[in-house]
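Chemist: everything below, folded, please.
(one chain, ligands or ions: 1)
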Amino acid sequence: MKKNSGRTSKPTSIQNESERPKTKRTATRKAGQSAGTDKAKATALANTKAKAKAKKKKADNVGLVNQKTATQMMHRLFQQYPDADCELDFDNTYQLLTSVILSAQTTDVQVNKVTPKLFANFPTAKALAEAPIDQVKELIKATGYYNAKAANIQKCAQALVSKFGGEVPRTLDELVELPGVGRKTANVVLGVAFGVPGWTVDTHVQRLSKRLGLTEQEDPYKIELDLQKVFPQEDWSKCSITLIWHGRRLCFARNPDCPGCPINNLCPASTV
Ligand code: SF4
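Modeler: Numbering: from 1, shown residues only. Down below sits the predicted model:
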């Protein structure tokens, strides 16, 4: 019995021996996994804390300046440009929308040179929708990119006629559905023609909002969202046109006139 018992116990013992390293490996692996899990948890926690901190920093200091400075800068700019307004010439909303589409990659001054003749020939959306395209191209040639622009303003006019009875719609969603119309154009039309507050993130607003420390974003839509958080909604259109005027008159892309700027002691990009 003893022998048998020994025999019985030996294989068991060998079996246990052979299992021991396995158990050890499993234990080591488990310990490693546990350490890995702890490390992952610590990293996740650190990331969460960093995100919360960044979020708080962003809420407290929009972009690079704080809320108080942003408000002060804008109030001074309001005083500097009390008459800031859309500089395109137009008699009705169809003309405004068409002019804004034409203003891409050129100046309002240049657009104002071609639109009197364009609108004399095609005074309504219906007239432009049915116009000979070559004649439209010829009339707007001086604004540049005239092939694409002629196509855009005519397709837009056709959509106005077919979908909105020749009238310009009053909502952002409807406006951005029109050919050649993006958020920038739609916000100009909404603000200027219908008094709906909105940010027009054109090249000036894009450049100045970063320069003034109001945003750190590059994408126009993200800039728009940041700017919406900084200023009261009722002021969005006024803020927008004021920044555009400042960009055109003092805060030039190259060689901004910092010595003559009313916000040079607040602006993070000031050279004086
Ligand atoms: S201080 Fe200079 S960079 Fe800043 S807003 Fe004025 S002109 Fe522009």
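Chemist: from residue 151, how far off is the residue positioned nearest the centre of the chain?
Modeler: Centroid-nearest residue in the chain: residue 221, 1.8 Å away (criterion: Cα atoms, centre = their mean). Per Cβ to Cβ, to the nearest Å, residue 221 is found 25 Å from residue 151. For every residue, glycine as well, the C-beta is placed using N, CA and C.
Chemist: cool, and residue 45?
Modeler: Using Cβ to Cβ, we find residue 45 at a distance of 55 Å from residue 151.
Chemist: those two: which has the busier surroundings?
Modeler: Higher neighbour count among residue 45 and residue 151: residue 151, with 15 against 10, using other Cβ atoms under 10 Å.
Chemist: phi and psi next, for that one.
Modeler: phi -60, psi -40 (degrees, to the nearest 10).
Chemist: isn't it up against residue 131?
Modeler: No. Using Cβ atoms under 8 Å, residue 151 is not in contact with residue 131, being 11.7 Å away.
Chemist: domain ranges for the protein, per the record?
Modeler: Under the assignment automatic domain parsing, the domains of the chain span 67-83+201-260, 93-194.
Chemist: format those domains as TSV; extra columns: distance to residue 49 and mean pLDDT.
Modeler: Below are those laid out as TSV (distance: least, Cβ to Cβ, whole Å; pLDDT from 0 to 100):
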stretch	distance to residue 49	mean pLDDT
domain 67-83+201-260	21	96
domain 93-194	35	97
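Chemist: of those, which is nearest the ligand?
Modeler: domain 67-83+201-260 (3.3 Å; Cβ to the nearest ligand atom).
Chemist: just the endpoints, please. Distance across the closest one?
Modeler: With Cα to Cα, to the nearest Å as the measure, the ends of domain 67-83+201-260 fall 24 Å from one another.
Chemist: and the domains of the chain as a markdown table, adding distance to the ligand?
Modeler: Listed next are those as a markdown table, based on distance: least, Cβ to the nearest ligand atom, whole Å:
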| stretch | distance to the ligand |
| --- | --- |
| domain 67-83+201-260 | 3 |
| domain 93-194 | 19 |
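Chemist: want to throw those into JSON lines with distance to residue 40?
Modeler: Output for the domains of the chain, formatted as JSON lines (distance: least, Cβ to Cβ, whole Å):
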{"stretch": "domain 67-83+201-260", "distance to residue 40": "30"}
{"stretch": "domain 93-194", "distance to residue 40": "40"}
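Chemist: out of those, flag the one nearest residue 38.
Modeler: The closest of the domains of the chain to residue 38 is domain 67-83+201-260. By Cβ to Cβ, the value is 34.2 Å.
Chemist: this protein: helices as residue ranges?
Modeler: Ranges of helices within the chain are 2-60, 67-80, 93-102, 108-121, 125-129, 133-140, 146-164, 172-175, 183-194, 203-211, 220-230, 236-249, based on DSSP state H.
Chemist: report all helices and strands that the third one contacts.
Modeler: Other elements packing on helix 93-102 under the criterion 3 or more Cβ pairs under 8 Å, 6 or more residues apart in numbering; DSSP states H and E are helix 108-121, helix 146-164, helix 183-194.
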